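Undergrad: take a look and give me a structure for this.
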Amino acid sequence: MRQAAASNDSTGRRTALGSAAGMPAVLVGLSAIPAGAKKGTRQPPSRQPTERVEISLPLEPELYCEILDAAGLASLALGDYMKARRQLKVSLDLHVKLFGPTHPLVADSKLHLATVLRRLGETDAARKLIDEAFGIIRGNGSDSTIQGGLALNELGALELQQDNLDAARSAASDSVGVLQKFSDPHVTLPMDTLARVQSACGDRAGAEVTYRAMLKIDGRTFLGVDHPRYAAHLHNLATVQQALGKLDAAAKSYSQVVELLIRLYGKSHPDLADVYANQGRLQQQIGDLGKALKSYQRALDLNRKLRGTHHPYVGYDLANLARLALQKGDARGATGLLTQALKLYRKKLPPVHGFIASALTFLGAALIELGRYAEAAKALHEAVEIWTQLFAKCIGASCDDLKASLAFATIAHNCAMAGMNGKPPAAVVLTDDERQQALKLPAPGDLGVLLIRKWQADGRVS
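TA: Residues are numbered from 1 along each chain as shown. As a prediction, the model looks like this:
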């Protein structure tokens, strides 16, 4: 399941436009001001009035940095990542020009831009900026300040995005320690990363406890229950509830998040795409395939529009649609969708990644359904190798989930090899352990259970 990333922003210095520079809220729509603009001059009107509010203020040059940062963070919050990247890049360049490359404000600016790049899937560029920010922070002796804590949070979020769970846990734990020391309400940012690590490691009961604690903190601070961060944390709680089998509670939480996000942002926001994707998984899990299709398509349309056609989450949405097609008996359609998803994943994700392993596994299953055994065997061989590597470094209860996924991929690979070698039906005989592991696949692996039972009915396995 995909969890909301909105809560993992290193925006502790300025979380809303004007909060640091004292600028009026009317500036939310301000376009990037050129670094060479003279003090007190009025810029020509934008050709897109919705992106600009005309002002004429006797600003000092450093205040342009504040405005650009605030405008970029506003664009980030509104889900316009491309615009945020442009604004924050101009802001960073201006910060360096005005303050020098080692100033604390330059570190902040680098972290803000890193957040946007991470959201866009440009993880190498994001890591470079985070490393540079840490160099500035350590050079200024600010490791144990709020700024250092927020930098650790951004590092933890990036490590989690790249499936580096140990590194994510370490950075997030350190971040929590620093921010708690200052009683900073942004402590729920790294707490979110820790909860997501708990969930990824199979400790979903622990993750549920963490999320409920976070929601209490959010609700009693300046954020409140109508804040986007509260919505992000409630969404992530819903994914945990779903994984725990608390389907009614998960459905209620998803609905609350959709309502809140639409009230905050309207019907076009990246976080809304994440909720639709997970709602679709829940709907598919309970057999409401028509609603699942609508949810997956909404997620795909929003991600293509807001995150770009090459973002890994577009691949995730394509893979969701593919699994749905496979469950409905459309193996040919599933094959095409999974091929597209893998093409995106391989460009943006590390080679040993669960998204890639899952897509390869179900691609192999779809090819078996089409009788294309040699192609299926090739895809499933790679899937087994990735699942094996992931299983080797798993932690705690997550090993059960990975073992089940590995068992299903292994069974499918054996089916493909039997078909390729022209062996008779029921040539693949499951061991007791394989049968036990594969048939207890957790959601979203329920499709694997359905396929194994179908292959048993077809006489492919016994």
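
Undergrad: how about low-confidence regions in the stretch 101-250 of the chain?
TA: 222 (pLDDT under 70).

Undergrad: next: the stretch 301-450 of the chain.
TA: Ranges of the stretch 301-450 of the chain meeting pLDDT under 70: 395-398, 423-445.

Undergrad: in it, which spans are helices?
TA: Counting by DSSP state H, counting those that start in this stretch, the stretch 301-450 of the chain has helices at residues 312-327, 331-348, 354-369, 373-392, 398-420, 432-438, 446-458.

Undergrad: which strands and helices sit next to the third one?
TA: With contacts defined as 3 or more Cβ pairs under 8 Å, 6 or more residues apart in numbering; DSSP states H and E, the packing partners of helix 354-369 are helix 312-327, helix 331-348, helix 373-392, helix 398-420, helix 446-458. Every C-beta, even on glycine, is put in place using the N, C-alpha and C of the backbone.

Undergrad: then that helix to PDB, C-alphas only?
TA: Taking C-alpha atoms only, helix 354-369 is exported to PDB below (Å, rounded to 0.1, in the frame of the first residue of the first chain):
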ATOM      1  CA  GLY A 354       9.300  -4.500  -3.700                       C
ATOM      2  CA  PHE A 355       7.400  -2.600  -6.400                       C
ATOM      3  CA  ILE A 356       9.600  -4.200  -9.100                       C
ATOM      4  CA  ALA A 357       9.400  -7.600  -7.600                       C
ATOM      5  CA  SER A 358       5.600  -7.400  -7.300                       C
ATOM      6  CA  ALA A 359       5.200  -6.200 -10.900                       C
ATOM      7  CA  LEU A 360       7.400  -9.000 -12.200                       C
ATOM      8  CA  THR A 361       5.500 -11.600 -10.200                       C
ATOM      9  CA  PHE A 362       2.100 -10.700 -11.500                       C
ATOM     10  CA  LEU A 363       3.500 -10.200 -15.000                       C
ATOM     11  CA  GLY A 364       4.800 -13.700 -14.900                       C
ATOM     12  CA  ALA A 365       1.400 -14.900 -13.600                       C
ATOM     13  CA  ALA A 366      -0.400 -13.100 -16.500                       C
ATOM     14  CA  LEU A 367       2.000 -14.600 -19.000                       C
ATOM     15  CA  ILE A 368       1.300 -18.100 -17.600                       C
ATOM     16  CA  GLU A 369      -2.400 -17.400 -18.200                       C
END
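
Undergrad: and the angle for it with helix 373-392?
TA: Going by axes from the mean of the first three to the mean of the last three Cα atoms, to 10 degrees, helix 354-369 is angled at 150 degrees with respect to helix 373-392.

Undergrad: now swap in the first one and tell me
TA: Regarding helix 312-327 and helix 373-392, their directions subtend 120 degrees when assessed with the same axes, to 10 degrees.

Undergrad: any idea how far helix 312-327 is from the chain center?
TA: Computed by Cα atoms, centre = their mean, to the nearest Å, the chain-centroid distance of helix 312-327 equals 15 Å.

Undergrad: for residue 68, see how far away the residue nearest to residue 75 when sequence neighbours are not counted is.
TA: Closest residue to residue 75 apart from its sequence neighbours, by Cβ to Cβ, 6 or more residues apart in numbering: residue 84 at 3.8 Å. The gap separating residue 84 from residue 68 is 11 Å, by Cβ to Cβ, to the nearest Å.

Undergrad: next, residue 286: phi, psi?
TA: phi -90, psi 0 (degrees, to the nearest 10).

Undergrad: follow-up on the earlier one: buried deepest among the helices and strands packed on helix 354-369, which one?
TA: helix 312-327 (a mean of 25; mean count of other Cβ atoms under 10 Å).

Undergrad: burial count for residue 288?
TA: Residues within reach of residue 288, counting by other Cβ atoms under 10 Å, total 14.

Undergrad: over to residue 145?
TA: So residue 145, with other Cβ under 10 Å, has 16 neighbours.

Undergrad: which residues touch it?
TA: Contact analysis of residue 145 by Cβ atoms under 8 Å, 6 or more residues apart in numbering lists 137, 178.

Undergrad: 6 Å - rerun?
TA: Residue 145 is in contact with no residue at all, counting by Cβ atoms under 6 Å, 6 or more residues apart in numbering.

Undergrad: tell me how far it lies from residue 138.
TA: 11 Å.

Undergrad: likewise for residue 410?
TA: If you go by Cβ to Cβ, the gap between residue 410 and residue 138 works out to 46 Å.

Undergrad: what residues does stretch 371-383 touch?
TA: 357, 360-361, 363-364, 367-368, 409, 412-413, 416-417, 419-420.

Undergrad: ok, residues contacting whichever strand or helix holds residue 252?
TA: Using DSSP states H and E, residue 252 sits in helix 247-265. Contacts with helix 247-265, where a contact means Cβ under 6 Å, 6+ apart, come from 231, 234-235, 237-238, 241-242, 269, 271-272, 275, 279, 282.

Undergrad: for stretch 303-314, same thing?
TA: By Cβ under 6 Å, 6+ apart, stretch 303-314 touches 79, 121, 270, 273, 317, 344, 348, 349.

Undergrad: what pLDDT does the residue nearest to residue 75 get?
TA: For residue 84, the pLDDT comes out at 94.

Undergrad: surely it touches residue 74?
TA: No: using Cβ atoms under 6 Å, residue 84 is not in contact with residue 74; the gap is 8.2 Å.

Undergrad: the more surrounded of the two?
TA: More crowded of residue 84 and residue 74, by other Cβ under 10 Å: residue 84, with 25 against 22.

Undergrad: give me the three-state assignment for the more buried one.
TA: For residue 84, the assignment made with DSSP: H, G, I helix; E, B strand; the rest coil gives helix.

Undergrad: which residue is the nearest non-sequential neighbour of residue 155?
TA: Here the residue nearest residue 155, using Cβ to Cβ, 6+ apart, is residue 171, at 4.4 Å.

Undergrad: show me what contacts that neighbour?
TA: Taking Cβ under 6 Å, 6+ apart, one finds 152, 155, 156 in contact with residue 171.

Undergrad: export these as a markdown table, with columns for secondary structure.
TA: A markdown table is the format used below for those (three-state DSSP):
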| residue | secondary structure |
| --- | --- |
| 152 | helix |
| 155 | helix |
| 156 | helix |
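
Undergrad: hmm, back to that, to residue 176, which of the helices and strands packed on helix 354-369 lies closest?
TA: helix 398-420 (21.1 Å; Cβ to Cβ).

Undergrad: between helix 354-369 and the closest one, find me the angle.
TA: 30 degrees.

Undergrad: now for helix 398-420, which elements pack on it?
TA: The contact analysis (3 or more Cβ pairs under 6 Å, 6 or more residues apart in numbering; DSSP states H and E) places helix 398-420 against helix 354-369, helix 373-392, helix 432-438.

Undergrad: so how far is the second one from its chain's centroid?
TA: Here the centre of mass of C-alpha atoms in helix 373-392, compared against the chain's by Cα atoms, centre = their mean, lies 24 Å away.

Undergrad: got it, and the first one?
TA: Taking Cα atoms, centre = their mean, the mean C-alpha location of helix 354-369 is offset from the chain mean by 21 Å.

Undergrad: quick one: residue 283 and residue 292 touch, right?
TA: Yes: at 3.9 Å, residue 283 and residue 292 qualify as touching, with contact defined as Cβ under 6 Å.
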